[in-house]
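I would like the atomic coordinates for the input below:
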Amino acid sequence: MEVKPGTIPDGWRAAPLGQLCGRITTGRIDANAIVADGDYPFFTCARESYRIDKYAFDCEALLVSGNGANVGYVHYYNGRFNAYQRTYVISDFSADVHFLRLFLDRNLQDRIRVEVNAGNTPYITMGTLTEMEVVLPSSSEEQRAIAMALSDVDALLGALDRLIAKKRDLKQAAMQQLLTGQTRLPGFHGEWVVKRLGDVVDTDPENLGSDTKPDFTFNYIALEDVDRGFLRSHSEQLFANAPSRARRKLRDDDVLVSTVRPNLQSHLLFRAEAGSWVCSTGFCVVRCREGVTHPGYVFCHLFAICVNRQIEALLTGSNYPAINSGDVPALEIPFPSLPEQTAIAAVLTEMDAELALLEQRQAKTRALKQGMMQELLTGRTRLLGNSGGARFGPESFAMSDEDIQELENEFPALSGQAFAAARRETLDAGLSVLESRDGVIYEVFPDGHRKVVKEIEPPTYVERGEKIRIR
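Prediction:
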């Protein structure tokens with residue numbers, strides 16, 4: 001990064017990365033040296049590490065992917081390891097290694113983008129690293145304090161990642177049990193019957209014909225607008241100028257089955273909003289028959305093993321990963337009674353809602369980390385001392401009651417600013433965000449319209465100092 005005059009905070013300094021570490025080198029071996037049960041970590045240009053039976057380094061190091069899809073990705077490791085010939089190994093630090101890792105995480109990608117020529121594959125040279133200007137506190141204590149603060153957020157993100165993975169595994173197990181009848185919900189008995197989907201639903205029931213008025217306007221859902229059960233975006237179309245695939249008319253509770261690359265599982269349970277809605281002919285629209293089938297139950301089966309094995313069989317030998325809309329009615333699904341279908345769909349939908357809330361919290365935490373990195377790694381916000389370059393030492397960590405109260409008063413505003421900035425960036429990128437308001441979770445889209453995701457318990461408001469019992 002280029003450091004402009006006057007942008008270095010008091011008590012901070014700028015130095016090339018090559019001056020902040022004693023050694024920058026690369027590994028010496030090819031990626032095919034991987035040994036599945038090797039004794040030592042082996043770092044390539046992938047995000048994950050592998051194993052190998054010999055080590056070439058025994059130190060605390062930052063390992064930077066030098067090329068490929070993950071160019072610029074930074075690993076930290078302390079101990080014996082080996083590295084691929086295009087992986088850079090940085091060691092012998094005179095600055096806090098964790099502060100440097102965070103600085104590289106935030107700034108290295110921008111440096112790579114500046115250096116690469118248009119159309120060339122991005123890669124790192126030795127000069128990319130050695131000459132990279134690092135702006136950092138002069139005090140090692142302040143470097144460590146910043147790294148520790150951000151590592152706490154990383155720990156929370158790690159815990160959320162593990163919890164989400166666990167919840168997904170539980171959801172998958174629940175689907176396997178409930179959608180096959182291996183486990184029955186309380187109060188339900190009776191036989192299940194395997195039926196062809198076409199015998200209990202209607203497929204592609206309504207389409208826009210050639211007699212559609214040219215000035216007919218509608219909301220259009222393309223294949224790329226759907227991501228595994230989530231409607232990420234849509235567009236407004238005039239029939240006269242609409243894509244030729246914009247033909248399938250939609251109603252509330254229609255199930256959209258992606259027939260193009262169905263292995264991506266870009267299916268959707270459509271919840272109607274104001275206006276007319278149309279989807280691409282790349283979807284097969286499934287409309288459940290009232291009193292016979294429940295849309296939520298059918299939708300859940302699209303992600304279950306039984307249906308996906310049938311889809312995989314249809315794709316076998318095909319040059320293009322797609323099925324025909326006419327293949328969907330032939331899919332076979334086990335059906336219990338309608339009340340049991342409804343109960344199963346409710347259980348699985350509740351699990352989806354819980355996952356959505358956890359993922360929303362995960363996204364907010366990531367946004368908070370980005371906001372904290374922006375503030376802390378530039379010196380705009382100082383954790384200890386003050387912006388006048390105060391001395392940092394162990395005594396700086398002692399906070400009075402007034403200091404703690406001031407921090408509590410300021411943190412909501414700082415975190416709110418970080419969340420608001422992340423929300424704007426997400427919407428500007430064409431993606432939706434989740435928003436909780438007055439007991440309702442909404443999905444908010446870049447054009448400003450919102451869709452109800454779930455009703456929840458309304459928030460409980462308390463006054464400062466008031467105590468309540470949480471059950």
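
all helices of the chain, in order?
For the chain, the helices defined by DSSP state H cover 97-115, 126-130, 140-178, 295-301, 305-315, 338-376, 401-428.

Report the distance from the fifth one to the chain centre.
Its chain's C-alpha centre lies 27 Å from the corresponding centre of helix 305-315 when counted by CA atoms, centre = their mean, to the nearest Å.

Keeping just the C-alphas, turn that helix into CSV.
Extracted in CSV, the C-alpha atoms of helix 305-315 (Å, rounded to 0.1, in the frame of the first residue of the first chain):
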residue,chain,number,x,y,z
ILE,A,305,-31.0,-38.1,-0.8
CYS,A,306,-33.9,-39.9,-2.4
VAL,A,307,-34.8,-37.3,-5.0
ASN,A,308,-31.2,-36.3,-5.7
ARG,A,309,-30.2,-39.9,-6.5
GLN,A,310,-33.1,-39.9,-9.1
ILE,A,311,-31.8,-36.6,-10.6
GLU,A,312,-28.3,-37.9,-10.7
ALA,A,313,-29.5,-41.0,-12.6
LEU,A,314,-31.2,-38.7,-15.2
LEU,A,315,-28.0,-36.8,-15.6
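
Give me the angle between it and helix 140-178.
Relative orientation of helix 305-315 and helix 140-178, computed by axes from the mean of the first three to the mean of the last three CA atoms, to 10 degrees: 90 degrees.

Contacts for helix 305-315 next, please.
For helix 305-315, the external contacting residues (CB atoms under 8 Å, 6 or more residues apart in numbering) are 176, 179-180, 262-263, 265, 301, 321-323, 327, 331-334. Glycine gets a C-beta too; all of them are placed from N, C-alpha and C.

Poorly predicted segments of the stretch 101-250 of the chain, please.
116-120 (pLDDT under 70).

How much space separates the spatially most central residue of the chain from D39?
For the chain, the residue nearest the mean C-alpha position is A363 (7.0 Å; CA atoms, centre = their mean). For A363, the distance to D39 (CB to CB, to the nearest Å) stands at 38 Å.

quick revisit: closest to L348 out of the contacts of helix 305-315?
Ranked by distance to L348 (CB to CB), the contacts of helix 305-315 are led by L179 at 8.1 Å.

L314 versus that closest one, what's the distance?
With CB to CB as the criterion, L179 and L314 are 20 Å apart.

Would you mind telling me which of the two has more residues around it?
Taking other CB atoms under 10 Å, L179 and L314 do not tie; L179 has more neighbours (24 against 17).

That one: what's it in contact with?
L179 sits next to 297, 300-301, 304, 306, 334, 344 when contact means CB under 8 Å, 6+ apart.

A304 and A173 touch, don't they?
No: contact criterion CB atoms under 8 Å: A304 and A173 do not qualify, at 11.6 Å.

that older thread, buried members of the contacts of helix 305-315 into PyMOL, please.
Of the contacts of helix 305-315, the buried ones go into a single PyMOL selection, burial set by 16 or more other CB atoms under 10 Å:
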select buried, resi 179+262+265+301+322+323+327+331+333
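
Among the contacts of helix 305-315, which one sits closest to F445?
Each of these was scored against F445 by CB to CB, and Q265 proved nearest at 21.7 Å.

Phi and psi next, for the closest residue to the closest one other than its chain neighbours.
Leaving aside its sequence neighbours, Q265 sits nearest to R228 (CB to CB, 6 or more residues apart in numbering; 5.3 Å). For R228, the backbone dihedrals (degrees, to the nearest 10) come out as phi 50, psi 60.

Next one: R228 from C21, what distance?
42 Å.

Quick check on those two: which one has the bigger neighbour count.
Ranked by neighbour count (other CB under 10 Å), R228 and C21 place C21 first, with 21 against 13.

I figured the more buried one hits V89, correct?
No: with contacts counted by CB under 8 Å, C21 stays clear of V89, the gap being 10.1 Å.

Against T203, how distant is R261?
19 Å.

one step back: in strands, which of the contacts of helix 305-315 appear?
332-334 (DSSP state E).

quick one: which of those residues is nearest to T349?
Within the ones in strands among the contacts of helix 305-315, the smallest distance to T349 is 17.4 Å, found for I333 (CB to CB).

OK, contacts around V153?
Each residue near V153 by CB under 8 Å, 6+ apart is listed here: 365, 368-369, 372.

Correction: the previous question concerned V135.
Contact analysis of V135 by CB under 8 Å, 6+ apart lists 1, 3, 7-8, 12-14, 103, 378-379.

Nearest residue to it in space, please, no chain neighbours.
Counting by CB to CB, 6+ apart, A14 is the residue found nearest to V135 once chain neighbours are left out, at 5.0 Å.

Check D30 too.
Nearest non-adjacent residue to D30, counting by CB to CB, 6+ apart: Q85, 6.5 Å away.

Show me which residues of stretch 217-225 are buried.
Quick answer for stretch 217-225 (16+ other CB under 10 Å): 218-223, 225.

correction: stretch 338-347
340-341, 343-345, 347.

Nearest to F239 among the residues you listed?
Among the buried residues of stretch 338-347, and counting by CB to CB, the member closest to F239 is A345, at 34.1 Å.

Surely that closest one and H294 touch.
Yes: counting by CB under 8 Å, A345 does reach H294; the two are 5.4 Å apart.

low pLDDT regions in the stretch 251-400 of the chain?
For the stretch 251-400 of the chain, applying pLDDT under 70 flags the ranges 384-400.

contacting residues around the residue nearest to T180 when sequence neighbours are not counted?
Leaving aside its sequence neighbours, T180 sits nearest to P334 (CB to CB, 6+ apart; 6.4 Å). P334 sits next to 179-181, 192-195, 306 when contact means CB under 8 Å, 6+ apart.
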